[in-house]
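[1] Make a model of this:
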Amino acid sequence: MHKTALAALAATALLAGTALAQQPDRSQVQIKTTDLGNKTYMLEGAGGNITIAVGTDGLIMVDTQFADLSDRIKAAIKAISPLPIKYIINTHFHGDHTGGNANFQKDGATVIAQDNIRVRLVAGTTNGTTGNKTAPVSGDAIPKETFVGGVKTIEVGGRKAELHHVYNAHTDGDTWVYFADANVLCTGDVMNNNHRYQQVDFANGGDIRGMIRATNDWLKVSNDNTKVVVGHGPLGKKSDVAAYNEMVKTARERVEKLVNEGKSEAEVVAAKPLADLDKTWAANDQAADNFVKQVYNSFKRS
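    The predicted structure is shown next:
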């Protein structure tokens, strides 16, 4: 019995050590601040890009990145303004955009999000492509205020943020944000500016058709001077949105044609319908196949 207990303890320690070893090392991550004009800033670290808008009595923040970066992010924000963060907007539920929620809400900020973000965070999720599971969270990690659909406007110290819910795009809870007074558009993970395919999280409501709807809307609201803070990658502009919009429209058209012909997922992947796009948009062959699977499953989600 004693040997059995020791063996179990050793196995537990081994598993714990393995889990710790698998945790990414973000100890060297630095927070880079870019001035977008009119007291609006982009913060880059690890995970999703952050936007800060400074009002006369407080700040609006878009996304929070990972929890272990919160202190560095707070220091970068204090270097911009000593005013308190009043509102934080979550663009979707993924942990690289919501991981710091609790650390900021404990300081008095209010996280606001489309209600499906709350639902996904409370329930926990499974990635449809990899099968990876994300555990449920609770308490201050959950948005304190939610909205369902349409457009919601929040204001802090004269700064207005327009929150636009786009249904079923990267996920089922995406919000893109527009600061009209600074001509700054925040896309969340509906788009990246790394010239790479973006995940369609179909198991959590993602759909390529929503990505098209969102990018169509951005092309209408933006102009050649618009600064586009994407989910990942460098600051973008309208021409970047246009190129991405063409890609997602082409991907939808080609894959949907094969779906309508009754092709299976395996058959669609084997057909390489996006081979010409893969040359510039796919990081590697696996990424190319994964994107085709995600687009395919856009038309299969219940």
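
[2] For the rest of this, base every contact and every neighbour count on C-alpha atoms.
    Fine.

[3] Show me the shaky parts of the stretch 1-150 of the chain.
    The stretch 1-150 of the chain contains residues with pLDDT under 70 at 1-22.

[4] One more pass at 90, please.
    Applying pLDDT under 90 to the stretch 1-150 of the chain picks out residues 1-24, 129.

[5] can you map out the strands along it?
    32-37, 40-44, 50-54, 59-62, 85-89, 110-114, 125-126, 133-134, 145-147 (DSSP state E, counting those that start in this stretch).

[6] Out of those strands, flag the one nearest Arg209.
    Closest approach to Arg209 among the strands of the stretch 1-150 of the chain (Cα to Cα): strand 110-114, 18.7 Å.

[7] Leu83 is in contact with Asp57, correct?
    Yes - under the criterion of Cα atoms under 8 Å, Asp57 lies in contact with Leu83, with a separation of 6.4 Å.

[8] okay if I get the strands of the stretch 1-150 of the chain as JSON lines plus distance to Asn260 and mean neighbour count?
    Converted to JSON lines, the strands of the stretch 1-150 of the chain look like this (distance: least, Cα to Cα, whole Å; neighbours: other Cα atoms under 10 Å):
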{"stretch": "strand 32-37", "distance to Asn260": "44", "mean neighbour count": "15"}
{"stretch": "strand 40-44", "distance to Asn260": "41", "mean neighbour count": "23"}
{"stretch": "strand 50-54", "distance to Asn260": "39", "mean neighbour count": "25"}
{"stretch": "strand 59-62", "distance to Asn260": "39", "mean neighbour count": "26"}
{"stretch": "strand 85-89", "distance to Asn260": "38", "mean neighbour count": "24"}
{"stretch": "strand 110-114", "distance to Asn260": "32", "mean neighbour count": "26"}
{"stretch": "strand 125-126", "distance to Asn260": "27", "mean neighbour count": "17"}
{"stretch": "strand 133-134", "distance to Asn260": "31", "mean neighbour count": "13"}
{"stretch": "strand 145-147", "distance to Asn260": "35", "mean neighbour count": "15"}
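
[9] Looking at those, which is nearest to Glu162?
    Of all those, strand 85-89 sits nearest to Glu162, with 10.4 Å by Cα to Cα.

[10] The closest one pairs with which strands?
    Applying DSSP bridges, strand 85-89 is found paired with strand 59-62 (parallel), strand 110-114 (parallel).

[11] what about stretch 244-257, distance to the chain center?
    Relative to the centre of its chain, stretch 244-257 is centred 21 Å away, using Cα atoms, centre = their mean, to the nearest Å.

[12] Show me which positions of it end up buried.
    Buried residues in stretch 244-257, counted by 16 or more other Cα atoms under 10 Å: 244-245, 247-252, 254-256.

[13] quick revisit: nearest to Met191 among the strands of the stretch 1-150 of the chain would be which one?
    strand 50-54 (14.2 Å).

[14] If you drop the residues flanking it in sequence, what lies closest to Ala53?
    Leaving out its chain neighbours, the residue that sits closest to Ala53 by Cα to Cα, 6 or more residues apart in numbering is Thr40, at 4.5 Å.

[15] number of nearby residues for Gly128?
    When neighbours are defined as other Cα atoms under 10 Å, Gly128 has 16 of them.

[16] still on that earlier bit, mind putting the strands paired with strand 85-89 into CSV with distance to Lys144?
    Output for the strands paired with strand 85-89, formatted as CSV (distance: least, Cα to Cα, whole Å):
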stretch, distance to Lys144
strand 59-62, 15
strand 110-114, 6
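
[17] ok so, going back, ok, now how distant is the residue nearest to Ala53 from Asn223?
    Distance check for Thr40 against Asn223: by Cα to Cα, to the nearest Å, it reads 18 Å.

[18] thinking again about what came up before, I'd like the list of the buried residues of stretch 244-257 that fall within helices, please.
    Taking DSSP state H, the ones among those that sit in helices are 244-245, 247-252, 254-256.

[19] right, and out of those residues, which lies closest to Phe291?
    Ranked by distance to Phe291 (Cα to Cα), these are led by Ala251 at 9.2 Å.
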